[in-house]
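1. sequence-free structure coming up:
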């Protein structure tokens, strides 16, 4: 499915970023799961959800960017799925024959299609609308499982094909380039990378990075909301709808809340500014999470949880941060970037935390230019066979050192304390101590960063032995995090560090997750005194739903009027820069 021309290598890396990312998701592509053939009994049941229609050869069923596409089951004839790219004509990805069905990951959400579907011969198809598909997914468990498995494997195959979607063009090491690439990877969106030489005299550096769309248009230096809107990744909520539960944040705690709430019949939406997964989504490997004895990558865990939520009908509002919340007559009105509003009867705050920074004067200059907060397959390609530094004493830092020791020439692990014993799991400590590729520098901290325009040299100081400087261009900073609660100031009570206070004398009701504001709960890392572990976050996210059920029963709202003037923000109003 992938030719050599589709592979873009960075430096001396032995594989592409796409290859490395796909390996992190798990096993190789499974064709039989991606393109199953439904049996006669299944097709007969599906007839109750759709309408039989006849199409002439060459009929376009849907194309790149179309949202809320229908599912088509082939009863007779053939439907071809085409991949598109800015550089080449559309090419066939797969041909669907009798009892195959169309659609991939966007069957489960409202995002834009990343492929085009056309009949290649006169065909008879069973057309199942999106509304009927949602009913089918709830009522036909065995068929739903087949559709879900096919949806995710098809998207993996499309990403692997690397000839569909868009091209991200920019210079190597550019911080904005890396930021946009992380958005594509975290959202499993098919894309290619084109690295252009910075010394090219004809290159307009000011316009880079740029995203080249499948139709040839170019967006220069897009913001995440702009990019998400034009690609159809954005799923703006309906401001006229009253949700039972609005979950703010799509980390482990938020995804758990969404899965449990939706599976129990609550109309649920999740608001996320970047992509599902939260901090856990940037972890190279989680080995102490129950049920995964060989470990699982943060991206892999996030993808599975996201898929689970979609299966139960959760709606995701991607690419917009929450900026404020107010309670009006018992209804919670959340305001998102751009003035978009969401109304819900109950709110789960699972907005997690943002990474802390080192106390070095020019630190900000090197963010994403040598300083990183995630040590995943994506970052491993950038520092292969080089010396790297990991800073921090927690489990995430330990996992990062072990993961990077398999790619880097050597890992220097810097920690301020005298040991890891009080902050890191013993299995990680033992592995680090036994690794010949990791050197631990205790009672040390980074005091200087140098290089132009990227990080090239790091100096750290040991309390006993003094200063040490090395030519190192990659540092992973994992020294804890600060809560993402700025949008809650003046609404719910916070502690002196900004974490949400819950339970006890503070909570509006009895229970460990109730905040000071009625109908609003907090779970996971954002909650004061919570245990900062993935398993704990998932547990809190699932348990809080039982409290929400009781709250909703006690606070029934029979009538509700949408906010005056509430209307969706049109996708064309983002003011993005379109070139060419």
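-> Looks like it arrived, so ask away. Not measured: the values here are computed from a predicted model. Residues are numbered from 1 along each chain as shown.

2. residue ranges with poor pLDDT in the protein?
-> 1-28, 85-90, 162-164, 201-205, 281-282, 284, 557-580 (pLDDT under 70).

3. do a quick rundown of the helices in it.
-> Using DSSP state H, the helices found in the chain span residues 17-25, 31-34, 40-46, 130-139, 141-161, 175-186, 224-231, 252-263, 298-311, 377-380, 395-404, 426-433, 534-554.

4. put together CSV for the ones you listed, with distance to residue 324 and mean neighbour count on each row.
-> Where you see a C-beta, it was placed from the backbone N, CA and C, and this is true even at glycine. Shown next, in CSV, are the helices of the chain (distance: least, CB to CB, whole Å; neighbours: other CB atoms under 10 Å):
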stretch, distance to residue 324, mean neighbour count
helix 17-25, 35, 20
helix 31-34, 43, 14
helix 40-46, 44, 14
helix 130-139, 31, 15
helix 141-161, 34, 19
helix 175-186, 24, 20
helix 224-231, 17, 22
helix 252-263, 18, 29
helix 298-311, 25, 23
helix 377-380, 33, 22
helix 395-404, 30, 26
helix 426-433, 40, 14
helix 534-554, 21, 19
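
5. out of these, nearest to residue 328?
-> Comparing these by their distance to residue 328 (CB to CB), the top pick is helix 534-554, with 16.9 Å.

6. show residues contacting the closest one.
-> Residues from elsewhere that reach helix 534-554 (CB atoms under 8 Å, 6 or more residues apart in numbering): 244-245, 251-257, 259-261, 264, 266, 280, 286, 288-290, 301, 345-346, 348, 350, 509, 511, 513-514, 519, 521, 523-525, 527, 530.

7. among the residues you listed, name the ones in strands.
-> If you go by DSSP state E, the contacts of helix 534-554 have 244-245, 345-346, 348, 521 in strands.

8. for residue 143, give me its contacts.
-> 38, 42, 45-46, 136.

9. can you count the residues close to residue 246?
-> Neighbour count of residue 246, defined by other CB atoms under 10 Å: 29.

10. identify the bridge partners of it.
-> residue 269, residue 347 (DSSP bridges).

11. that one contacts residue 334, correct?
-> Yes: shown here, residue 246 and residue 334 form a contact pair, counting by CB atoms under 8 Å, at 5.9 Å.

12. so for those two, which residues contact both of them?
-> With CB under 8 Å, 6+ apart, residue 246 and residue 334 have common neighbours 271, 342, 344, 347.

13. does residue 295 touch residue 301 like I think?
-> No: taking CB under 8 Å as the definition, residue 295 is not a contact partner of residue 301, at 9.9 Å.

14. common neighbours of those two, please.
-> 286, 289.

15. closest one to residue 481 among the helices of the chain?
-> Smallest distance to residue 481 across those (CB to CB): 9.5 Å, for helix 395-404.

16. any idea how far residue 79 is from residue 316?
-> Remark: distance between residue 316 and residue 79 (CB to CB, to the nearest Å) = 28 Å.

17. could you do residue 254 as well?
-> Taken as CB to CB, the span from residue 254 to residue 79 is 37 Å.

18. ranges for the strands of the stretch 351-500 of the chain?
-> Counting by DSSP state E, counting those that start in this stretch, the stretch 351-500 of the chain has strands at residues 353-355, 371-372, 387-391, 410-414, 438-441, 444-450, 457-462, 466-470, 475-477, 481-483.

19. need those strands in CSV with mean neighbour count and distance to residue 306, can you?
-> Below are those laid out as CSV (neighbours: other CB atoms under 10 Å; distance: least, CB to CB, whole Å):
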stretch, mean neighbour count, distance to residue 306
strand 353-355, 17, 20
strand 371-372, 25, 23
strand 387-391, 25, 28
strand 410-414, 24, 31
strand 438-441, 18, 33
strand 444-450, 17, 35
strand 457-462, 18, 36
strand 466-470, 11, 39
strand 475-477, 23, 25
strand 481-483, 18, 21
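
20. show me how far stretch 482-496 is from its chain's centre.
-> On the basis of CA atoms, centre = their mean, to the nearest Å, stretch 482-496 sits 24 Å off its chain's mean C-alpha point.

21. give me the distance between the two termini of it.
-> Start-to-end span of stretch 482-496 (CA to CA, to the nearest Å) is 11 Å.

22. likewise for stretch 499-509?
-> Taking CA to CA, the first and last residues of stretch 499-509 lie 19 Å apart.

23. what residues sit buried inside it?
-> 499-503, 507-508 (16 or more other CB atoms under 10 Å).

24. between those residues, which is nearest residue 67?
-> residue 500 (34.6 Å).

25. show me what contacts that closest one?
-> Taking CB under 8 Å, 6+ apart, one finds 349, 483, 485, 488, 492-494, 515, 522, 526-528 in contact with residue 500.

26. that one pairs with what?
-> residue 494, residue 527.

27. before we move on, what about residue 388?
-> residue 411.

28. wait, what's in contact with it?
-> By CB under 8 Å, 6+ apart, the neighbours of residue 388 are 404, 408, 410-412, 472, 474-476.

29. hmm, try it at 6 Å
-> 404, 408, 411, 474 (CB atoms under 6 Å, 6 or more residues apart in numbering).

30. in contact with the third one, which residues?
-> Shown here is residue 411, whose contacts under the criterion CB under 6 Å, 6+ apart are 388, 401, 404-405, 438.

31. I appreciate the help and will end here.
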